[in-house]
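*Asks:* Give me coordinates for this.
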Amino acid sequence: MKRHFIILLFISFFLIQCVHQNLENKRSISSLPRDVATLQPSQIREEFQVCRSSSRLYLEEDILQMPIEYIRPHDQDWRSAIPMKCIQFAQKNFRGRFANCEGEEARPTADALKPCMNESYVTLVYNAYHDVMDCFNLDPKDFFLQIMIESGFHINAINKTGFDSGLAQFTANGILKVTANNRIERARRLMLESSRPSCQRISSTIGEFDITFYTPDKRCSMIALPKNPYRGMFFNYIHTMLDQIEMESMLERELAAFKQLKTIFTDRIKRQLVYLAYNRGMMGVSRLLQGYLQNRQRASQILTETDFDLNQNLERAKAIMRLDPEKKKILKRAKIKKLTFAEYAVINNASYVSEMVGAQDYVRHHLGEQCSRF
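*Replies:* Next comes the predicted model:
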């Protein structure tokens, strides 16, 4: 176990270095996706809110104290971008709770109103999201749905228990995972060496790291400005990279007895499993895969890539199980001939990715294909 951890740590650091080198060296703009090549996001944004109540403008003072570069448009810096109205749509439709923070070392108090979605607030979030996507050569469409259902792209979102906080809704384990072994400071040093404006903005904003700020009881560290929302998005990237590495290792173990399935786990399926791991943890995903593979063996079924595709809207199935809990018990025991991994996950209370798919359908209905890809 110790040897595996050391290898994992080395690979994670090496991966960050590779990403950085890729940014600095032979990457040409023409080789990268350009979803908005003919129409800049700033040209298709919605109107901003105008608020007069201080109860909605409580973040404004901190935002306006940030350097102007964080709240002015940077569309020209990014290789790929989604329209600003995608972020606005997620913010407007979020129905969660919001926290107040006296500082990054404080405990959050979940008694705030939804912050005013005025130009400075929306632009700050929009910039933070795209700077992280651009710095690490990620596609903003790939992460949109995850952040939408986690926080609705709100800096001070907090869950009902008060434990998951910020733009990426970090848990205690998530905070400890990304801050272990000086990962954050090492990655920050690499960003400081980058010539990319997006990398430099991230590194300058999140600043030096004091590990004592990231103890689980100081969840304002993932909410308080000016470090956030850049810190939350940057941590989300580190967490995702670690999950991807662990996912490869986990699949090697789980599929040792199912060698014929290795070709089924394409990059797309692996990415979906990483989404699921963000909510369930790698151990939870491993248990789900083990259970599903055993279930399919008992049903004498030959599996295909389609069986593992989590991009399925299961709202109807979830509604049926809510109305009739006995059906869930029956489904868990049954040898159903056609049972997808997505259905098996929902039956076993792992509905996170199904919620992302539901959000995807909702966004597509209103905004088409310009915001997300799953």
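*Asks:* Show me the domain layout of the protein.
*Replies:* 41-236, 258-367 (automatic domain parsing).
*Asks:* just checking, residue 107 is part of a strand?
*Replies:* No. Counting by DSSP: H, G, I helix; E, B strand; the rest coil, residue 107 is not part of a strand but coil.
*Asks:* count of residues packed around the residue lying closest to residue 64 once chain neighbours are set aside?
*Replies:* Counting by CB to CB, 6 or more residues apart in numbering, residue 64 lies nearest to residue 120, which is 6.5 Å off, once chain neighbours are set aside. Where you see a C-beta, it was placed from the backbone N, CA and C, and this is true even at glycine. When neighbours are defined as other CB atoms under 10 Å, residue 120 has 18 of them.
*Asks:* OK, contacts around residue 120?
*Replies:* Residue 120 makes contacts with 60, 63-64, 71, as judged by CB atoms under 8 Å, 6 or more residues apart in numbering.
*Asks:* could the domains of the chain be laid out in TSV, adding distance to residue 246 and mean pLDDT?
*Replies:* Formatted as TSV, those follow (distance: least, CB to CB, whole Å; pLDDT from 0 to 100):
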stretch	distance to residue 246	mean pLDDT
domain 41-236	10	89
domain 258-367	5	84
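*Asks:* ok, back up a step: drop anything exposed from the contacts of residue 120.
*Replies:* The neighbour-count criterion (16 or more other CB atoms under 10 Å) marks 60, 63, 71 among these as buried.
*Asks:* And the helices in the stretch 1-150 of the chain, which stretches?
*Replies:* 2-24, 60-64, 84-93, 119-135, 140-151 (DSSP state H, counting those that start in this stretch).
*Asks:* before we move on, what about the stretch 251-374 of the chain?
*Replies:* Going by DSSP H, counting those that start in this stretch, the stretch 251-374 of the chain shows helices at 267-298, 305-308, 315-323, 325-333, 341-347, 352-367.
*Asks:* thinking again about what came up before, which of the domains of the chain sits most buried?
*Replies:* domain 41-236 (a mean of 19; mean count of other CB atoms under 10 Å).
*Asks:* gap between that domain and the chain center?
*Replies:* Relative to its parent chain, domain 41-236 has a centroid offset of 12 Å by CA atoms, centre = their mean, to the nearest Å.
*Asks:* circling back to that earlier point, want to throw the buried ones among the contacts of residue 120 into JSON lines with distance to residue 373?
*Replies:* Below are those laid out as JSON lines (distance: CB to CB, whole Å):
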{"residue": "60", "distance to residue 373": "33"}
{"residue": "63", "distance to residue 373": "30"}
{"residue": "71", "distance to residue 373": "28"}
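*Asks:* So which of the contacts of residue 120 is the closest to residue 219?
*Replies:* residue 63 (20.1 Å; CB to CB).
*Asks:* Could you find the closest non-adjacent residue to the closest one?
*Replies:* That would be residue 120: by CB to CB, 6+ apart, it lies 5.0 Å from residue 63.
*Asks:* Look up how far residue 96 lies from that neighbour.
*Replies:* 22 Å (CB to CB, to the nearest Å).
*Asks:* Just confirm residue 219 contacts residue 165, I think it does.
*Replies:* Yes. Residue 219 lies in contact with residue 165 (CB atoms under 8 Å); the separation is 4.1 Å.
*Asks:* which neighbours do these two share?
*Replies:* With CB under 8 Å, 6+ apart, residue 219 and residue 165 have common neighbours 108, 158.
*Asks:* tell me the contacts of residue 119?
*Replies:* Contacts of residue 119 (CB under 8 Å, 6+ apart): residue 48.
*Asks:* what about it, distance to residue 218?
*Replies:* In terms of CB to CB, residue 119 sits 30 Å off from residue 218.
*Asks:* now swap in residue 351 and tell me
*Replies:* 30 Å.
*Asks:* How about residue 299?
*Replies:* 48 Å.
*Asks:* Then residue 247?
*Replies:* 29 Å.
*Asks:* cool, and residue 140?
*Replies:* On the measure of CB to CB, residue 140 and residue 218 end up 29 Å apart.
*Asks:* Residue 127 too?
*Replies:* Taking CB to CB, one finds residue 127 at 25 Å from residue 218.
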